[in-house]
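**Q** need coordinates for the following:
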Amino acid sequence: MSAVLTLSPERRKRVTLWGRYTAASVIAGVLSELVFVVTYWFGALPVIASVVAFVAGAVPNYLMNRRWAWGRRDKPDAVRETLPYAVITIVTALTAILATTLADKWVLANIDSHTWQVILVGAAFLGTYGLMFVLKFLLFDRIIFARHGGHGAETP
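**A** Below is the predicted model of the structure:
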């Protein structure tokens, strides 16, 4: 416990950054998951449900991470920030589309209960968030929100 209390200011900033990134990711993930489950429940194909859900979560995720986690208030740089964020989001969305499409094919062939089908395909969607969580943090910190010549963390 005393080790936590004696963190250096730089280490404290990094812990705060990680906590804010985690909170923003959880908020965006819950929003995306809810949108996915609702759209899939009502019959949307996994590809449609995944795209709609990712759009629902990607915008707030970007805004929360940029402003709150990394403390960026300046105008976003399209080449250094917005474009790489879009690429990461698209790769994550494609991963989710693949995972949910495969899960959908499996559950439709093996599970009769619509509720269980939705739960299992929803879990596949949520799993992509888990797989990408640490990788996205590293990319956000080192590339997207990085300050020139150092880490991106400038927690307010």
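
**Q** the residue lying closest to residue 7 once chain neighbours are set aside: neighbour count?
**A** Spatial nearest neighbour of residue 7, excluding adjacent residues (CB to CB, 6 or more residues apart in numbering): residue 15 at 6.6 Å. C-betas here are computed from N, CA, C, even on glycine. Applying other CB atoms under 10 Å, we find 13 residues neighbouring residue 15.

**Q** same question, the one 3 residues further on
**A** For residue 18, the number of neighbouring residues by other CB under 10 Å comes to 14.

**Q** over to residue 137?
**A** So residue 137, with other CB under 10 Å, has 17 neighbours.

**Q** quick one: pLDDT of it?
**A** Looking at residue 137, its pLDDT stands at 90.

**Q** surely it meets residue 19?
**A** No. Assessed by CB atoms under 8 Å, residue 137 is found out of contact with residue 19, at 11.4 Å.

**Q** what distance do you get for the residue nearest to residue 7 to residue 29?
**A** Computed as CB to CB, to the nearest Å, the residue 15 to residue 29 distance reads 21 Å.

**Q** and residue 102, by the same measure?
**A** 20 Å.

**Q** which residue, other than its chain neighbours, is closest to residue 108?
**A** That would be residue 117: by CB to CB, 6+ apart, it lies 6.8 Å from residue 108.

**Q** who does the helix or strand where that neighbour lies touch, helix- and strand-wise?
**A** Taking DSSP states H and E as the definition, residue 117 sits inside helix 114-139. Counting contacts by 3 or more CB pairs under 8 Å, 6 or more residues apart in numbering; DSSP states H and E, helix 114-139 is packed against helix 9-41, helix 46-63, helix 83-110.

**Q** okay, those, which one's buried deepest?
**A** Of all the helices and strands packed on helix 114-139, helix 46-63 has the most neighbours on average by mean count of other CB atoms under 10 Å, namely a mean of 20.

**Q** export that one to PDB, keeping only CA atoms.
**A** Listed in PDB are the C-alpha atoms of helix 46-63, where the atom choice follows Å, rounded to 0.1, in the frame of the first residue of the first chain:
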ATOM      1  CA  PRO A  46     -23.600  -9.300 -37.600                       C
ATOM      2  CA  VAL A  47     -21.800  -7.000 -40.100                       C
ATOM      3  CA  ILE A  48     -24.500  -4.300 -39.800                       C
ATOM      4  CA  ALA A  49     -24.800  -4.600 -36.000                       C
ATOM      5  CA  SER A  50     -21.000  -4.500 -35.700                       C
ATOM      6  CA  VAL A  51     -20.700  -1.400 -37.900                       C
ATOM      7  CA  VAL A  52     -23.500   0.500 -36.200                       C
ATOM      8  CA  ALA A  53     -22.200  -0.400 -32.700                       C
ATOM      9  CA  PHE A  54     -18.600   0.600 -33.600                       C
ATOM     10  CA  VAL A  55     -19.700   4.000 -34.800                       C
ATOM     11  CA  ALA A  56     -21.800   4.400 -31.700                       C
ATOM     12  CA  GLY A  57     -18.700   3.800 -29.500                       C
ATOM     13  CA  ALA A  58     -15.900   5.100 -31.600                       C
ATOM     14  CA  VAL A  59     -16.900   8.800 -31.600                       C
ATOM     15  CA  PRO A  60     -17.300   9.100 -27.800                       C
ATOM     16  CA  ASN A  61     -14.200   7.000 -27.300                       C
ATOM     17  CA  TYR A  62     -12.100   9.300 -29.400                       C
ATOM     18  CA  LEU A  63     -13.500  12.400 -27.700                       C
END
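
**Q** alright, that wraps it up for me.
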